[in-house]
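give me coordinates for this.
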Amino acid sequence: MEAALALAQEAAADGDVPVGAVVLDEHGIVVGRGRNRREVDSDPSAHAEVLALREAAAQRGSWRLDGCTLVVTLEPCLMCAGAVLQARVPRVVLGAWDDKAGATGSQWDVVRDARVGAKVEVIAGVRGDECAAVLRDFFEARR
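The predicted structure is shown next:
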């Protein structure tokens, strides 16, 4: 989560919502990194999770990320939860819940929805207060 938080701070410095994500392989080695880049890239799909999954897939030479873990500072949205499912990621570790748009247990639980055969393990609240504070500070500074 430390690496994801550092990436979130980089996003904030560029004016993007401070969300950071890393993908760990089966041995706990970081194989993908991402931070929100929607503002920087003018790309609505440039979420931290999607960028981390893309980098991990490129590094591994396969879109299947079996055995990997996605660590992210904020609960993934619907798009990112769908990307987790498509990449076959079996585990998501998240910091802060997203009570407005979260899709891994708060508003929706796409990654554990039996209708799509999803069985992703979700570990929530890892450094959750710190992750939430980064977001809160970012938005308070803009008000």
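
mind checking the longest helix of this protein?
Within the chain, and with DSSP state H defining each element, the longest helix by residue count is helix 128-142.

what comes up buried for that one?
Counting neighbours by 16 or more other CB atoms under 10 Å, one finds that the buried residues in helix 128-142 are Gly128, Cys131, Ala132, Val134, Leu135, Phe138. C-beta coordinates here come from the backbone N, C-alpha and C atoms, glycine included.

helices and strands around it, which ones?
Contact analysis of helix 128-142 by 3 or more CB pairs under 8 Å, 6 or more residues apart in numbering; DSSP states H and E lists helix 2-13, strand 69-74, strand 91-96 as its packing neighbours.

circling back: tell me which of the buried residues of helix 128-142 is nearest to Ile29?
Cys131 (22.1 Å; CB to CB).

let me see the mean pLDDT of stretch 131-143.
Averaged across stretch 131-143, pLDDT comes to 94.

swap in stretch 88-101?
pLDDT averaged over stretch 88-101 gives 97.

circling back: and the buried residues of helix 128-142 as a markdown table, adding distance to Ala8?
Below are the buried residues of helix 128-142 laid out as a markdown table (distance: CB to CB, whole Å):
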| residue | distance to Ala8 |
| --- | --- |
| Gly128 | 13 |
| Cys131 | 7 |
| Ala132 | 11 |
| Val134 | 5 |
| Leu135 | 8 |
| Phe138 | 9 |
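
follow-up on the earlier one: among the helices and strands packed on helix 128-142, which is the most enclosed?
strand 69-74 (a mean of 27; mean count of other CB atoms under 10 Å).

export that one as PDB, just CAs?
What follows is strand 69-74, C-alpha atoms only, in PDB (Å, rounded to 0.1, in the frame of the first residue of the first chain):
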ATOM      1  CA  THR A  69      -3.000  -9.000  -6.300                       C
ATOM      2  CA  LEU A  70      -4.300  -5.500  -7.100                       C
ATOM      3  CA  VAL A  71      -3.500  -3.100  -4.300                       C
ATOM      4  CA  VAL A  72      -5.300   0.200  -4.600                       C
ATOM      5  CA  THR A  73      -5.900   3.200  -2.300                       C
ATOM      6  CA  LEU A  74      -9.600   3.600  -3.200                       C
END
